[in-house]
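*Asks:* Here is a sequence with its predicted model. Questions after.
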Amino acid sequence: MNEHRRLSRRGLLQSIATAAGVAATAGFGAVPNLLPPRAQVSGDEKSLPTFTGPAPNPYWNSVGPVVQYPQKFPLVLLTDRPIQLETPRHYFETAFTPNGAFYVRWHLDEIPNAVDLSVWRLSVEGSVERPLKLSMSDLTSKFKPVSVAAVNQCSGNSRSRLQPRVPGGQWGDGAMGNAKWTGASLRELLDSAKIKADALAVQFQGLDKGKGPQGHGSYEFLKSLDLKDSVLDDSIIAYAMNDEPLPMLNGFPVRLVVPGYFATYWVKSLSWIRVLDKTDENFWMKTAYRVPDTPRGNTNPEDVKGGKVRTVPITRMPVRSFIVTPNGESKLIAQLPVIIRGIAFSGYGSVNKMELSVDNGKSWASAQLGEDHGPYSFRTWSMAWTPPHPGRYVLAARATDGKGNVQPDEGVWNPGGYLWNRIEREQVVVGRAS
Amino acid sequence: MRYTTVCLIVVLTGFTAAAARLMYAQFDAGQYSQNNSGAIAQPASPAEADGASYSVTAYPLYPPELAPGAGREAVQSYCATCHSTRYITMQPPLPPETWAAEVDKMIKVMGQPIPEDVQPVIIKYLQAHYTPENRKR
C-alpha cells in the first residue's frame, strides 16, 4: 500500500511536469494545467478536477489553478477578466490576512493599472451644500485618521456549497479577509460637504468601468447606502490596509470600508461619492446583491420560479467560523496532542463563544478565544485535542456572536448564492502511535 | 433629416468621448497581457522616483480551453466582450434551462447585443457541453 502510494505520487509529479512542459511549449493559449491549490485533498493524491458539481464543491477552496498577479501572493484563480482570486486556506491561521494574500473580486474589466495621484481626486457631490474634490493629501491631513479591524467577505463566499448549485462566482471559503483599515471617517467627510435636507442615500463609485452599454450593470458599478443607516457612522474611506497602501487589486488608492457589511458595499478605487435625493434604482442595488426577505435569506427554486420571493438588498454578514488546521492533508497520531485552530467573525458584533466537536456535532466543548481586535474582526480560536484512538473523526466548529446568533447546522439556498453560514466540518484520519 | 440626425449623433459621441477622456485622465485601466510566464514574479523597478503615478504591470490572462464543438467561435466572439470565457468554465455543470436563462440575462439585463440568429447557437453550445449530463472538462 505504502509502496503503491509512493509510486502514485511519483506518477503525479511526472504528470505535472509533463503538463507544465506541454503548457510551456504551447505558448499563448489555454493554461489548464497549473498547480492546484495547496492542501485541498484529504489524503487523496489525485490532482484536482477542473470543476465541481452538480454536487457541492467538496474542497475548502475553489478548484481553480494557482496564479500570480501584481502585488499579490499566488492565489486561486476563479476568473481572469474581470479578476476574481481566492485566498488559500492556510492564510487564515492568523487574525489579520496579509495584503498580498487578500482575495480579489472585481465586477468590470477596465480596472486601474495605474493611478496618478497628482490628478486623482475623490469627489463628494450631489445633494450637498459644499461639493468637495479631495486629493490623497487632503484625505490624510484634513481628516482625523480612524482605524478599524474589519472582515471583508464577498456576498457569495462559499457559493459552491449550495444545493442545487447556482451560477455565479464558484467560491470556496476563501473569498474573505481581515485587515486593519485606516482612513477618513465617512461621516466626517459627509458633514464637511454639508448634506442637504432632501437627501436620502449616498452612492459610491470607483474607477472601474465595463464594456457594456450605458445604463446597464455591465457599464458601471454603483452601490448605495441609506443616509439613515447607522453603519455610515462606522464606515471609513481607507487609504491604508494593515498599515500599508492598498494593493492596486484591492482598491488603491482608497476604498470604502463598511464594517459588518458584506464586501459588495466596500467600493474599490473609490472616486465618487454622490449624495442622492431619491432611491438608487441602478442594477447593482435594484437587481443584484439582493436576498430573500425570509429568515436567514433562505428560499427554494420553486418559490423563486413562482415569483413568491420578496427580496431586500444584502447587508450584514451572519456569524461564521472556520477550522484552519488540521486541514486533513496528513494523518494525526493517536495519543499525541494536536491544536485545532481557526477563526470566527460576525457582522452583528463580536464572537464571544466558540465551540468545537470532535464527534461530528454530537457533543461540544468550548474552545479558547484569541485576542479581541474589535467587533468586526476575525477572532482566532484554538483547542488542544488528543485523539484517543486511530480512526476517522469529523471535527466541527460552531460560533455564537454577541447578539446571541448561533451558527446553524443547515445550509441555505437562494438564487444569488449568498449568506452561507452553516457549521463547518473537517474530516481527519488518526493513525497508531506505534 | 437623416443627415441632421447622423450629425447630431457624431457630435454627441464626440462630446461623450471627450468627457470620458477628461474623467479618466487620472488613471490607466484595463491593461491585460497574454504573457503569463512570470513577468510579475520578476518585476522591473519603476522608472520615475518622484512622480505621483503608481502603477502595476498588465494583468495576466488565463484563457480556458473551451470544449470543441459547433458554436464555440460564436461563444468566443460574443461572450468575451465584457468577460473572459472562464466565466463559463468556472461554473458547475448547469441544467439546460439555466444556460438559456443566463444567455437571456446577458442580452436583456446586461445589454449585450447578440444577433437573434446567433442566440440559439450560443445556447445550444453551452447546453451541449456544460450540463450535468455532458460536461467533460
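*Replies:* Okay, I see it. Residues are numbered from 1 along each chain as shown, chains lettered A, B, ... in the order given.
*Asks:* tell me which element B:T57 falls in.
*Replies:* For B:T57, there is no host helix or strand (DSSP states H and E).
*Asks:* Near it, how many other residues are there?
*Replies:* For B:T57, the count of nearby residues is 17 (other CB atoms under 10 Å in any protein chain shown). In short, each C-beta sits where N, CA and C put it, glycine included.
*Asks:* Same check on A:P415?
*Replies:* A:P415 has 19 nearby residues by other CB under 10 Å.
*Asks:* what residues are up against it?
*Replies:* A:166, A:299, A:301, A:304 (CB atoms under 8 Å, 6 or more residues apart in numbering or on different chains).
*Asks:* go on, A:R320?
*Replies:* A:153, A:344-346, A:399, A:407, A:421, A:424.
*Asks:* Not counting sequence-adjacent ones, nearest residue to the residue in chain B positioned nearest to chain A?
*Replies:* Closest residue of chain B to chain A, CB to the nearest CB: B:P92 (2.5 Å). Leaving out its chain neighbours, the residue that sits closest to B:P92 by CB to CB, 6 or more residues apart in numbering or on different chains is A:G53, at 2.5 Å.
*Asks:* swap in A:M285?
*Replies:* That would be A:S224: by CB to CB, 6+ apart, it lies 5.5 Å from A:M285.
*Asks:* what sits opposite that neighbour in the beta ladder?
*Replies:* As for beta bridges, A:S224 partners with A:Q203 under DSSP bridges.
*Asks:* Report the buried residues of stretch A:139-151.
*Replies:* Residues A:139, A:143, A:146, A:148-151 are the ones in stretch A:139-151 that count as buried (16 or more other CB atoms under 10 Å in any protein chain shown).
*Asks:* Switch the residues you listed over to CSV; also include secondary structure, pLDDT and distance to A:L270.
*Replies:* Output for the buried residues of stretch A:139-151, formatted as CSV (DSSP: H, G, I helix; E, B strand; the rest coil; pLDDT from 0 to 100; distance: CB to CB, whole Å):
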residue, secondary structure, pLDDT, distance to A:L270
A:L139, helix, 98, 10
A:F143, coil, 98, 14
A:V146, strand, 98, 15
A:V148, strand, 98, 16
A:A149, strand, 98, 20
A:A150, strand, 98, 16
A:V151, strand, 98, 19
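*Asks:* which stretches of the stretch 51-200 of chain A form helices?
*Replies:* A:136-142, A:186-193 (DSSP state H, counting those that start in this stretch).
*Asks:* Show the average pLDDT along the longest one.
*Replies:* The one in question is helix A:186-193. Regarding helix A:186-193, the rounded mean pLDDT is 98.
*Asks:* Quick one: neighbours of the spatially closest residue to A:Q368 that is not a sequence neighbour, just the number.
*Replies:* Residue nearest to A:Q368 in three dimensions, not counting chain neighbours: A:S382, with 5.5 Å by CB to CB, 6+ apart. The tally of other residues near A:S382 (other CB under 10 Å) stands at 17.
*Asks:* Same question for B:K124.
*Replies:* The number of residues packed around B:K124, counting by other CB under 10 Å, is 17.
*Asks:* Find the nearest non-adjacent residue to it, please.
*Replies:* What sits nearest to B:K124 in space, not counting adjacent residues and going by CB to CB, 6+ apart, is B:G71, at 5.9 Å.
*Asks:* Provide a list of residues in contact with that neighbour.
*Replies:* By CB under 8 Å, 6+ apart, B:G71 lies in contact with B:121-122, B:124-125, B:128.
*Asks:* repeat that for 10 Å
*Replies:* By CB atoms under 10 Å, 6 or more residues apart in numbering or on different chains, the residues touching B:G71 are B:118, B:120-129.
*Asks:* Can you tell me which of those residues is closest to A:A193?
*Replies:* B:I122 (46.6 Å; CB to CB).
*Asks:* Now do the SS call for the closest one.
*Replies:* Assigned by DSSP: H, G, I helix; E, B strand; the rest coil, the conformation of B:I122 is helix.
*Asks:* show me where pLDDT drops low in the chain?
*Replies:* You didn't pick a chain, so chain A it is. Scanning chain A for pLDDT under 70 picks out A:1-46.
*Asks:* meant chain B actually
*Replies:* Across chain B, the ranges flagged by pLDDT under 70 are B:1-25, B:35-43, B:48-50.
*Asks:* re the thing from before, restricted to strands, list the contacts of A:R320.
*Replies:* A:153, A:344-345, A:399, A:424 (DSSP state E).
*Asks:* Need these in JSON lines (columns: neighbour count).
*Replies:* Formatted as JSON lines, the ones in strands among the contacts of A:R320 follow (neighbours: other CB atoms under 10 Å in any protein chain shown):
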{"residue": "A:Q153", "neighbour count": "24"}
{"residue": "A:A344", "neighbour count": "27"}
{"residue": "A:F345", "neighbour count": "28"}
{"residue": "A:A399", "neighbour count": "28"}
{"residue": "A:E424", "neighbour count": "20"}
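*Asks:* just the helices of the stretch 51-200 of chain A: most buried one?
*Replies:* Of all those, helix A:186-193 carries the top mean neighbour count, a mean of 18, counting by mean count of other CB atoms under 10 Å in any protein chain shown.
*Asks:* what comes into contact with it?
*Replies:* So helix A:186-193 is in contact with A:122-132, A:134, A:138-139, A:142-144, A:146, A:183-185, A:199, A:202, A:204, A:225, A:227, A:231-237, A:256-258, A:273, A:275, going by CB under 10 Å, 6+ apart.
*Asks:* Before I go, just wanted to say thanks for your time.
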